[in-house]
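Engineer: Structural data only, the sequence is not supplied:
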DNA sequence: CTGAAAGCGCTAACAA
DNA sequence: TTGTTAGCGCTTTCAG
């Protein structure tokens, strides 16, 4: 039988209220009694029951985190940012993998709400009507990380995927390329995969270049689809001269696919990735990529959530963090810049 | 004001006890009343309060997970295994990054216990006296994943790092090498880094080869230390001909270090890694490595924990999962095998 | 098969 | 500065 606040109170010769006060750092306690209580706590090895506290106070100092896949380097880095800021603010994280399945996401949200989390951070590629329905009726604040809500109602922290896609393509255009291919993410994701692709199309059209369907390979962010994409592109009569990939993993796949056929990067083909995960520095040639501040997205999302949980007024509920081109060896050195 | 079990009871015209029964799937409820209650729940949009339930039942269906760094591919994969099995058994995970700092590990353990988790899974490289002191007095079961307790008291799931180190070295020995270098992990980790190194030493000594200090580079599992290790080894008068690395990241670093100096892997130097993270397949040459079942370690650890939480008797509290050599292109094809 | 009632351990007024 | 006293929302005997 564990020791309760009541045991401590008796041992210290005070009331539970007083014990509660010292445990919670309430200043209204005479130093002498505080000392007595502390001694009793020490002596008995008292450990406050957070569940009871949660029930009485209606705050659990726990937030729920819904993530598609914690074993993905991208999301793992985001999660790290979330956890670091959370622990800074004394919150704990209930982490749930959703596998990106909508029904699981919804179900998890509900479980988290049952557990009385003080807030939720949601990562996922798509925000459907159903999501909106659940999220907007949530009794606690929910912020999106690495995605955004199409209607702009929900708080979110993300980059501009469209601009990022545009910039990457532009970068290649500036190198003098006209035959630029793209390995996209799943286009079923309207807010991420599709946006990056839109950026690519826009850059091309702004440059007066017609997009060729044969220069677009629909990937799934994974290494293997980069490999296949390279094979497809290299089998074309008129091959592209540069390839923009919607993820670093695919970019590395593309590079290897190219190298396996005896060509060189960047001499024969230039390749640009997306994300800037650690892998980008662990390949040869090292990968030129769109740097996305993953850790910061998580950290800022969590910080934002703390504000909502504290009832603070938030000026800007949609945060767009900056991205930038990280130039390495998979592209040729541009003259200027 | 959220709807409570009491509201449902009134709406359905029954007692709270009955509502509780149907919510918990207790069979002792007449189908008719069950239907009535379900209707009321639906109608009111009732969502059970897990905190209240936890206080009353003394079970939270939540387990704590202490992890050095969720952004490490190795631990992320373990975490995935844990989470999958946890959700299979309807548990949620409170995930806490410890940064491998002992005081944080201890502090987190305490917080988790305050939150009344039903069990804990601990990942970390070292188990000190202090850990033992805290873990053995825990009111809930604790299982170690990816490490083990030196005294053999605590339940754990791991591989044999010593044997794995031995096998990797042996593998290189079988290829005819006599000058085998090793890039170790931190030797301050007695149960992981040191064990792999011990395996290396043992294999060498069993083969009648004297270990040379200049062939040992003390790394930290990261890519950069592989790079430095390669530089050190290649600057030796008598260079090693094969290098065994205690992590895949370091192995990739070593390979790049070698390639950067104009040499080839495996032609000039053979390299073996450790872990078999996804990266191992995403480099050229693809990495021969010691495959460690990371996902399974997590999954089995969680499964083991469920048994303890259910009060089931466990025959074998120390589980050693198999490892194996995964032969790829960073080593030459051996004739036999 | 159902209801009444006693807590679970703590917080938060409210008094004193 | 401290104590008293209600609950928080639910589970769980124990009766019936």
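Structural biologist: Received it, and whenever you're ready, just let me know what you need. These numbers come from a predicted model, not from an experiment.
Engineer: residues from the stretch 151-300 of chain A in reach of chain B?
Structural biologist: A:223, A:249, A:252-253, A:256, A:259, A:278-279, A:281-284 (CB under 8 Å from any CB of the partner chain). C-beta: built from backbone N, CA, C; applies to glycine.
Engineer: Tabulate the residues you listed (a markdown table), appending distance to residue B:328 and pLDDT.
Structural biologist: Listed next are these as a markdown table, based on distance: CB to CB, whole Å; pLDDT from 0 to 100:
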| residue | distance to residue B:328 | pLDDT |
| --- | --- | --- |
| A:223 | 14 | 96 |
| A:249 | 18 | 97 |
| A:252 | 16 | 97 |
| A:253 | 16 | 97 |
| A:256 | 13 | 95 |
| A:259 | 16 | 95 |
| A:278 | 21 | 95 |
| A:279 | 17 | 95 |
| A:281 | 21 | 94 |
| A:282 | 16 | 94 |
| A:283 | 16 | 93 |
| A:284 | 17 | 91 |
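Engineer: Greatest separation within these: which pair is it?
Structural biologist: The span of these, defined through CB to CB, is set by A:259 and A:278 at 20.5 Å.
Engineer: helix or strand right after the one helix or strand residue A:204 maps to?
Structural biologist: Taking DSSP states H and E as the criterion, the element that holds residue A:204 is helix A:193-206. With elements assigned by DSSP H and E, the helix or strand that comes after helix A:193-206 is strand A:216-218.
Engineer: Which residues outside the following helix or strand past that next one are in contact with it?
Structural biologist: Next helix or strand after strand A:216-218 toward the C-terminus (DSSP H and E): helix A:223-234. Residues from elsewhere that reach helix A:223-234 (CB atoms under 8 Å, 6 or more residues apart in numbering or on different chains): A:181, A:183, A:215, A:217, A:219, A:239-240, A:243, A:245, A:249-258, A:260-261, A:263, B:278, B:281-282.
Engineer: So which of those are in helices?
Structural biologist: Among those, DSSP state H puts A:249-258, A:260 in helices.
Engineer: Quick check: ChimeraX command selecting the buried ones in those residues.
Structural biologist: Selection of buried members from the ones in helices among the contacts of helix A:223-234 for ChimeraX, criterion 16 or more other CB atoms under 10 Å in any protein chain shown:
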select /A:249,250,251,252,253,254,255,256,257,258
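Engineer: any idea which of the ones in helices among the contacts of helix A:223-234 is closest to DNA strand D?
Structural biologist: Within the ones in helices among the contacts of helix A:223-234, proximity to DNA strand D (CB to the nearest atom of the strand) peaks at residue A:249, which comes in at 44.1 Å.
Engineer: any idea how far DNA strand C is from the residue lying closest to residue A:7 once chain neighbours are set aside?
Structural biologist: Nearest residue to residue A:7, sequence neighbours excluded (CB to CB, 6 or more residues apart in numbering or on different chains): residue A:44, at 5.9 Å. Distance, residue A:44 to DNA strand C, using CB to the nearest atom of the strand, to the nearest Å: 11 Å.
Engineer: Residue A:44 is in contact with residue A:8, isn't it?
Structural biologist: Yes. The pair residue A:44 / residue A:8 is scored as a contact, 5.9 Å apart, by CB atoms under 8 Å.
Engineer: So for those two, which sits in the more crowded spot?
Structural biologist: residue A:8 (26 against 16; other CB atoms under 10 Å in any protein chain shown).
Engineer: quick one: the more buried one from residue B:111, how far?
Structural biologist: Using CB to CB, to the nearest Å, residue A:8 is found at 19 Å from residue B:111.
Engineer: Return the set of buried residues in stretch A:178-192.
Structural biologist: A:179-187, A:189, A:191-192.
Engineer: Among those residues, which one sits closest to residue B:170?
Structural biologist: So of those, ranked by how close each gets to residue B:170 (CB to CB), first place is residue A:183, at 41.1 Å.
Engineer: ok, that closest one touching residue A:242?
Structural biologist: No. Contact criterion CB under 8 Å: residue A:183 and residue A:242 do not qualify, at 11.7 Å.
Engineer: Identify the residues contacting residue A:246.
Structural biologist: By CB under 8 Å, 6+ apart, the neighbours of residue A:246 are A:165, A:182-185, A:193, A:196-197, A:219, A:221, A:274.
Engineer: of the ones in helices among the contacts of helix A:223-234, list those near DNA strand C.
Structural biologist: Subset of these in contact with DNA strand C: empty, counting by CB under 7 Å from any atom of the strand.
Engineer: Thanks a lot, catch you later.
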